[in-house]
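K.L.:
how does the following fold in three dimensions:
(chains A, B, C and D)
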Protein chains: 2
Amino acid sequence: MISTKGRYALRVLIDLAEHEDGSYIPLKDIAARQNISKKYLEIIVKNLVNGGLISGMSGKGGGYRLLRNPEEYPVGEIIELMEGPLATVACLVQDAEECPRAASCPTLPMWSEFDQIVHDYFYSKKLSDLIQVRQ
Amino acid sequence: MISTKGRYALRVLIDLAEHEDGSYIPLKDIAARQNISKKYLEIIVKNLVNGGLISGMSGKGGGYRLLRNPEEYPVGEIIELMEGPLATVACLVQDAEECPRAASCPTLPMWSEFDQIVHDYFYSKKLSDLIQVRQ
DNA sequence: TATCAACCTATTGACATACTAGGTAGATAT
DNA sequence: ATATCTACCTAGTATGTCAATAGGTTGATA
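P.N.:
Okay, the predicted model is just below:
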């Protein structure tokens, strides 16, 4: 289940894309438009900045802006940044310690196949697919 | 992410299917074979009994057994019983209160489409597809 | 230098996860 | 009848995550 972190991050990025005009967009405006607590959004945009998805600028006239074109943001990258790996089971997380049951686990092939489907879906879907009004 | 409850439930059902011989199988045996705490499994099988997936019998010679053929257990039903709805976002849970943003939500169609894929995958996959040794 | 905005650390209440502990009730073998 | 084996029941606990809130510091511009 996707939590508010992932869902709000998506809404922030959609908001930034829909209001893109070359300048920085203050978080206050995004919070007001999206009707989400600005304080809580600070945590989310901090992750987006650290993850290299947006850039922030302090001071008067400051705010946030996208670093790429909307078609260059896979939804999967956004979700994984906010929620952690998309993996369905712990033993399929990248760099997880090898499960001793892996070789004979009757369910592992199912989880693997499903994870591939999830990955394909969310990495082929782009931020640009979620934007309604473009200028 | 599927938790131990869902994963262990699947292992219990696979174990029951693979050792099916008309008699009841004691939880002690399942716990030993699967190397999972019997006490913890008690919580899981209780849910499986309440959910109508298996039946339990007390006393000497008692234990648990399947109530259907393995091809009649969709993996999705097992997971939803143990983990709750497969829905990716709260607003798509059956009987959830209508989200006020639903009509204009830019991400809802994506979540809907994805939920359909997840549902189709796990309801077409059956317990019988996970069994390795059949008699 | 006043203003506006990002950025930083910390705390909180509620809930879920993964167990453990100790008992009661029910069915069968002797 | 009773010992034995089994499911079944209620409760507790440590750890972590979620969804926020609170208050302050740094940085850029007018």
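K.L.:
look up the closest residue to residue A:131, ignoring the ones flanking it.
P.N.:
Nearest non-adjacent residue to residue A:131, counting by CB to CB, 6 or more residues apart in numbering or on different chains: residue A:17, 5.2 Å away. Placement of C-beta: from N, CA and C, glycine included.
K.L.:
secondary structure element holding the one you found?
P.N.:
Element membership of residue A:17, judged by DSSP states H and E, is helix A:4-18.
K.L.:
quick one: the strands in chain A?
P.N.:
Secondary structure of chain A, counting by DSSP state E: strands at A:54-57, A:63-66.
K.L.:
which strands and helices sit next to the longest helix along chain A?
P.N.:
Taking DSSP state H as the criterion, chain A has its longest helix at helix A:108-124. In terms of contacts (3 or more CB pairs under 8 Å, 6 or more residues apart in numbering or on different chains; DSSP states H and E), helix A:108-124 is packed against helix A:75-83, helix B:108-124.
K.L.:
and these, which is most packed in?
P.N.:
Using mean count of other CB atoms under 10 Å in any protein chain shown, the stretch among these with the largest mean neighbour count is helix A:75-83, at a mean of 19.
K.L.:
just the CA trace of that helix, in CSV.
P.N.:
In CSV, the C-alpha atoms belonging to helix A:75-83 read as follows (Å, rounded to 0.1, in the frame of the first residue of the first chain):
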residue,chain,number,x,y,z
VAL,A,75,6.8,7.0,-11.6
GLY,A,76,8.7,3.9,-10.3
GLU,A,77,11.8,6.1,-9.5
ILE,A,78,9.6,8.5,-7.5
ILE,A,79,7.8,5.7,-5.6
GLU,A,80,11.0,3.9,-4.8
LEU,A,81,12.7,7.0,-3.5
MET,A,82,9.9,7.7,-1.1
GLU,A,83,8.7,4.3,-0.1
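K.L.:
hmm, that helix touching DNA strand C?
P.N.:
No - using CB under 7 Å from any atom of the strand, we find that helix A:75-83 stays clear of DNA strand C, coming within 14.5 Å at best.
K.L.:
coming back round to it: in TSV, list the helices and strands packed on helix A:108-124 along with mean pLDDT.
P.N.:
What follows is those, written out as TSV (pLDDT from 0 to 100):
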stretch	mean pLDDT
helix A:75-83	98
helix B:108-124	98
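K.L.:
can I get the ones you listed in JSON lines including distance to residue B:4?
P.N.:
Output for these, formatted as JSON lines (distance: least, CB to CB, whole Å):
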{"stretch": "helix A:75-83", "distance to residue B:4": "19"}
{"stretch": "helix B:108-124", "distance to residue B:4": "18"}
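K.L.:
mind checking which of those is nearest residue B:26?
P.N.:
Nearest of those to residue B:26, taken as CB to CB: helix B:108-124 at 29.3 Å.
K.L.:
okay, angle between the closest one and helix A:108-124 too, please.
P.N.:
Taking axes from the mean of the first three to the mean of the last three CA atoms, to 10 degrees, helix B:108-124 and helix A:108-124 form an angle of 160 degrees between their directions.
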